[in-house]
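>>> what follows is a predicted protein model with its sequence.
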Amino acid sequence: MKDLNLQDNIVFAGMLDAQGVVDRLSKTHVFVIPSAVENSPNSLAEAMMLGTPCIGAYSGGVPDMVDNGNCGLLYPFMEEAMLAEYIRRIFASDEVADKFSVAGKASASKRHDRQKIANTTVDIYRRILL
């Protein structure tokens, strides 16, 4: 950070409670999940639910959560230059950031709908028990 003079651009949030996560993600211009291995990352779901534009690596369940080019961007893991370009693209265009924010929030809201999840869970148990 010092070598690139980025101290004022990077914030280490430390441990956050639920409201702290909401507050931090609400102030974040882009959320990046660069993991090589993921299943269904809660951090990505939380960022999308709050409308934070998201970028993720093609790993595990991330591509199932992010419709590339519609509600966020995906890049091949270890392609740091592509990741940097995607970050630049979101910072350079409020239109792009807004598009990913709105579409990501809609996608996450649909995927994490409490009533739909409850109904699906009850249906699964009914099928198992019958």
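Right, received. Where do you want to start?
>>> all contacts plus neighbour counts: C-alpha atoms, from now on.
Will do.
>>> remind me, longest helix of the protein?
Counting residues, the longest helix in the chain under DSSP state H turns out to be helix 94-111.
>>> can you list the buried residues in that one?
Using 16 or more other C-alpha atoms under 10 Å as the test for burial, helix 94-111 gives 96-108.
>>> centre of the chain to that helix, how far?
Chain-centre distance of helix 94-111: 10 Å, with C-alpha atoms, centre = their mean, to the nearest Å.
>>> who are the packing partners of that helix?
helix 42-49, helix 80-92 (3 or more C-alpha pairs under 8 Å, 6 or more residues apart in numbering; DSSP states H and E).
>>> not counting sequence-adjacent ones, nearest residue to the residue nearest to the spatial centre of the chain?
The residue lying closest to the centre of the chain (C-alpha atoms, centre = their mean) is Leu44, at 3.2 Å. Nearest non-adjacent residue to Leu44, counting by C-alpha to C-alpha, 6 or more residues apart in numbering: Ile33, 7.1 Å away.
>>> just Ala106 next, same as before
With C-alpha to C-alpha, 6+ apart, the residue lying closest to Ala106 is Met49, at 7.8 Å.
>>> contacts only, for the one you found.
Gly104, Lys105, Ala106, Ala108, Ser109 (C-alpha atoms under 8 Å, 6 or more residues apart in numbering).
>>> quick check: pLDDT value at it.
Met49 is assigned 97 on the pLDDT scale.
>>> what do you get for Glu95?
97.
>>> tell me the one of the contacts of Met49 nearest Gly61?
Ala108 (13.6 Å; C-alpha to C-alpha).
>>> does that closest one touch Met48 like I think?
Yes. Using C-alpha atoms under 8 Å, Ala108 is in contact with Met48, at 5.8 Å.
>>> out of the helices and strands packed on helix 94-111, which is closest to Ile117?
helix 42-49 (14.7 Å).
>>> got the angle for that closest one vs helix 94-111?
Computed by axes from the mean of the first three to the mean of the last three C-alpha atoms, to 10 degrees, the angle separating helix 42-49 from helix 94-111 equals 110 degrees.
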